[in-house]
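*Asks:* below are the sequence and a predicted model; questions follow.
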Amino acid sequence: MFKTNKTKVYELAKTLNLEIFQFIQSSDRIDPSYANQLTRASLSVVCNIAEGSGRLTSRDRRNFMVIARGSLFESIAILDLLLDLHLITTEKFEYLLTMATTISKMLYSMIKNLSGKSVESY
C-alpha cells in the first residue's frame, strides 16, 4: 500500500535526514535557529516525497517533488553557511553534498517525467 518506503529516492532522503539530525545532535556549537531550520528543511524533503507519492495525479505528485527539491536546496544552503562558520568539517559537508546531489538528480528526473516538458536542470 505505501510504495514510498520502497523507492530509492525516499530511502536516500531518509538517510540524509538522519545524517543531518545526528550531526546536529552531536554539535553543541550550532545556533538553535540554524539547527531548527536545517532539521525542518531536511525533514521536509522526506515528507514531501512521501506525500507526493500518495497523490493521484501527475501534476500533484510533481508539485510535491518540486517542493522536496526546494527543501533539499535549502538544506544545502544552511550546511554551506555552517561550513563558512567552521561549524561543519569540509569532509562532512562534501559527504552530505554528494548525497544531496544524488537525491536532486533523482527528483529532477521524476519532475521531468511527471511534467512531460523540459524543466531547468539540477
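*Replies:* Here it is on my side, so go on.
*Asks:* for the residue most central in space within the chain, which non-adjacent residue is spatially closest?
*Replies:* Centre of the chain computed as the mean C-alpha position; nearest residue by CA atoms, centre = their mean is Leu72, 3.3 Å away. If the residues on either side of it in the chain are set aside, Leu72 comes closest to Val45, at 5.0 Å by CB to CB, 6 or more residues apart in numbering. Glycine gets a C-beta too; all of them are placed from N, C-alpha and C.
*Asks:* the one you found reaches Met106, doesn't it?
*Replies:* No: contact criterion CB atoms under 8 Å: Val45 and Met106 do not qualify, at 11.2 Å.
*Asks:* re earlier: and the residue nearest to the centre of the chain, what does it touch?
*Replies:* Ala13, Ala41, Val45, Ala100, Ile103, Ser104, Leu107 (CB atoms under 8 Å, 6 or more residues apart in numbering).
*Asks:* switch to 10 Å and redo it
*Replies:* For Leu72, the contact set (CB atoms under 10 Å, 6 or more residues apart in numbering) comprises 13, 16, 41-42, 44-45, 48-49, 99-101, 103-104, 107, 122.
*Asks:* still on that earlier bit, who's in contact with the residue nearest to Leu72?
*Replies:* Residues in contact with Val45 (CB under 10 Å, 6+ apart) are 9-10, 12-14, 16-17, 20, 67-75, 100, 103-104, 107.
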